[in-house]
Structure formats: C-alpha cells, structure tokens
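> Have a look at this prediction, sequence included:
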Amino acid sequence: MPELPEVETTRQGIRPCCEGKAVRQLRVFEPRLRWPVPDDLPQRLEGATIHALKRRGKYLLLIVDEGAVLVHLGMSGSVRVVTESEPRRTHDHLELEMEDGALLRYHDPRRFGCWLWSDQWEQHPLIRHLGPEPLSPEFTGEYLYRLSRGRQVPVKSFLMDSKTVVGVGNIYANESLFKAGILPGRAAGRIGLDRYKRLVTHVRDTLSTAITQGGTTLRDFVNSSGQPGYFAQSLQVYGREGQPCRLCNRPLSQSRLGQRTTVFCRHCQR
DNA sequence: AGTTTAACCTGGGTGC
DNA sequence: TGCACCCAGGTTAAAC
C-alpha cells in the first residue's frame, strides 16, 4: 500500500504523539513480520526518549539515544493514534505507549512490514544503498540520465527501484510516467535528458500533491487518525484500464511490467 | 553485472 | 455456501 506520500502522511500524523517524549512500553503481540521483531526491542525502547521521528524513503525512523527503530509499512501496514479504551483489532501487531499515555497501534494484515533495531541506522543494510529522496535537490534529470545509460530495464522498473530513487511505488510510477508522456516499457537507457527532466518534474509534483491530499486510499490505507487519503480522485491512469484517457479520450491500456500492473495511454505516452 | 522470478502473507473479489 | 483462483499500495534473495 503505502508509498512515500502515505508514509509521510503517517509521519506527520503521529509525530506530535511521540516526538520529544519518553516511551513507557512497547508491546509486541505478533512478532512474525517480514523479519521477526527483535526480542529485545521493548527493553531497548522502554524509558528512551524519541528525539525525532524521521522518514527515509518508505521507512519511518524512531530516533533514540542508542540508535533507531526502522519501521516499514509493507503493503498493508498503517499506524494509528488510539485511546486506551479502543479494543485491539485483528492484525494490530504492536502497540507503543508513551510516558504521557499516548498510544500508537501498528496494524498490518499481510505482515510485509517490519520493526527493526539499528544502532547506526544510516549504515543499516536496508537503508545504506537507497537512492536519493525524490523531493531533494539531488534528484534531477541529469542524475536519472547518467544512471540509466546502457540499462535495458523498462523505465518504470528503473523508477520503482529504490536504488534509483526512493518512495516511488506502483501508483505514483504509473501516474508520473503518464504525466511525463513516457511509455512505461521503454528501455531506461534509451530515454533522453530532456525527457528525464520532465519525468523528475512530474514525480515531484505528483508526490507533493499526494502528500497534500493525505495520500491515496484504494482499500485500506488510513492516516494516523484512521481517515483515508483523497488523492485517489486525482489519479489519471492507475486503476483506470479501458477508461478514457483524460487527455485524448482513447481507452487506456494495461500490461504487466516486473509483475506489477501498468496502465498507460498508447497515444499520449511515447 | 543486469534482469527476471519466486517468495513472504492475508483478504477481497470473481466465476464455477 | 463453498471452493479455486487471481489480484493487491513492497522488497529481498535467489535464479537466470
């Protein structure tokens, strides 16, 4: 589910609830996530102050003195601020209680997410090889152009590879390529500088707008207050196969690229 | 080294 | 109602 806008929406929502506060208790109800939740995670956190709640790509980072917790939402994860009286639901796997009683619940039906500890999070294997943030100055058309020379992978797969740039998942890759007028299946190495500049502009614009709208809710994404995001109504191509292209009115095509559903306009994207 | 595929899970929808 | 099958916002690790 969550791509960068959904993770950022979550971060902004739970930040006031935990940043600058000490942890009273971390309760793990189901440790079997993508990787097992470390046994000693609760004791590492108890009493520790969360100095900052950061984001790197799709990872949320709870920064404490001795290190950081790496939280990933996987395909179906969400974090909500709840009250003590609210009963725990199926698939509520972890609960973080702060000193002042504030309560965060991690919900993840498919359990593709993770809660991991690192004493040097920037060097962690899951973080170390990540590409630039899409909203940072390093992410430019020149960067994509240079990195893609000689590559035969479809540009959509290239864009969704976290070593290229972080945070762009299936929804926003489809949307950005449509707006940039680039065919998703075209070899990354055969796209020129000008078109990559255009792509960067649209990736930035799409992600920023989605963050403003609180992310995209297809089925189950909810923000920290349990509310859905509203970017779904702005989607140009994702989930619209066969429906008219918003530019030329011809029916949108669908294919599969890197086992991901890909929607595009044969006429407007080249 | 680059690229593709299988795997990790649950749940919702569809068609028989 | 039940069952088999396909699909889903991600990402790693193994296989080609």
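Perfect, I can see it now. Residues are numbered from 1 along each chain as shown, chains lettered A, B, ... in the order given.

> Would you map the strands across chain A?
According to DSSP state E, chain A carries its strands in the segments A:23-28, A:52-56, A:59-64, A:67-72, A:78-82, A:92-98, A:103-107, A:114-118, A:253-257, A:260-264.

> Ok, which of these comes nearest residue A:238?
Smallest distance to residue A:238 across the strands of chain A (C-beta to C-beta): 5.9 Å, for strand A:260-264. C-betas here are computed from N, CA, C, even on glycine.

> Which neighbours in the sheet does that closest one have, and how are they oriented?
strand A:253-257 (antiparallel) (DSSP bridges).

> how about the strand it pairs with: buried residues?
A:253, A:257 (16 or more other C-beta atoms under 10 Å).

> Against residue A:233, how distant is residue A:91?
27 Å (C-beta to C-beta, to the nearest Å).

> Of the two, give the one with the bigger neighbour count.
residue A:91 (16 against 8; other C-beta atoms under 10 Å).

> residues near residue A:209, how many?
13.

> same thing with residue A:142?
Count around residue A:142 with other C-beta under 10 Å applied: 11.

> My guess is it contacts residue A:193. True?
Yes. Counting by C-beta atoms under 8 Å, residue A:142 touches residue A:193, with 6.9 Å between them.

> so which of the strands of chain A comes closest to DNA strand B?
DNA strand B lies closest to strand A:253-257 among the strands of chain A, at 8.1 Å (C-beta to the nearest atom of the strand).

> Tell me which residues of stretch A:236-256 come out buried.
Buried residues in stretch A:236-256 (16+ other C-beta under 10 Å): A:236, A:237, A:238, A:240, A:245, A:252, A:253.

> Just give me the closest of those residues to residue A:73.
For these, the nearest to residue A:73 is residue A:238 (18.5 Å; C-beta to C-beta).

> Can you give me every residue that contacts that closest one?
Residues in contact with residue A:238 (C-beta atoms under 8 Å, 6 or more residues apart in numbering) are A:170, A:171, A:174, A:175, A:263.

> what's the closest of those to DNA strand B?
Using C-beta to the nearest atom of the strand, these come closest to DNA strand B at residue A:170, 12.2 Å.

> and that closest one, how many neighbours does it have?
Residue A:170, neighbours per other C-beta under 10 Å, totals 17.

> for it, what are its contacts?
A:3, A:160, A:238, A:260, A:261.

> Among the residues you listed, the buried ones, what's the PyMOL command?
Buried subset of these, written as a PyMOL selection, criterion 16+ other C-beta under 10 Å:
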select buried, chain A and resi 3+160+238
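
> The lengthiest helix in chain A near DNA strand C anywhere?
When chain A is parsed with DSSP state H, its longest helix is helix A:193-212. No. Applying C-beta under 7 Å from any atom of the strand, one finds helix A:193-212 separated from DNA strand C by no less than 9.8 Å.

> so what secondary structure elements neighbour that helix?
With contacts taken as 3 or more C-beta pairs under 8 Å, 6 or more residues apart in numbering; DSSP states H and E, helix A:193-212 sits against helix A:4-18, helix A:141-148, helix A:155-160, helix A:170-180.

> and chain A, which of its residues are near DNA strand C?
Going by C-beta under 7 Å from any atom of the strand, the residues of chain A near DNA strand C are A:1-3, A:6, A:34, A:57-58, A:72, A:74-76, A:110, A:112, A:125-126, A:160, A:162, A:169-171, A:215-221, A:229, A:259-261.

> which sections of chain A are below the confidence cut-off?
A:1 (pLDDT under 70).

> Tell me which residue of it lies closest to DNA strand C.
residue A:169 (1.8 Å).

> Spatially nearest residue to that residue, not counting backbone neighbours?
residue A:3 (3.6 Å; C-beta to C-beta, 6 or more residues apart in numbering).

> Could you double-check that the one you found sits in contact with residue A:168?
Yes. Shown here, residue A:3 and residue A:168 form a contact pair, counting by C-beta under 8 Å, at 6.8 Å.

> Thank you kindly, that will do.
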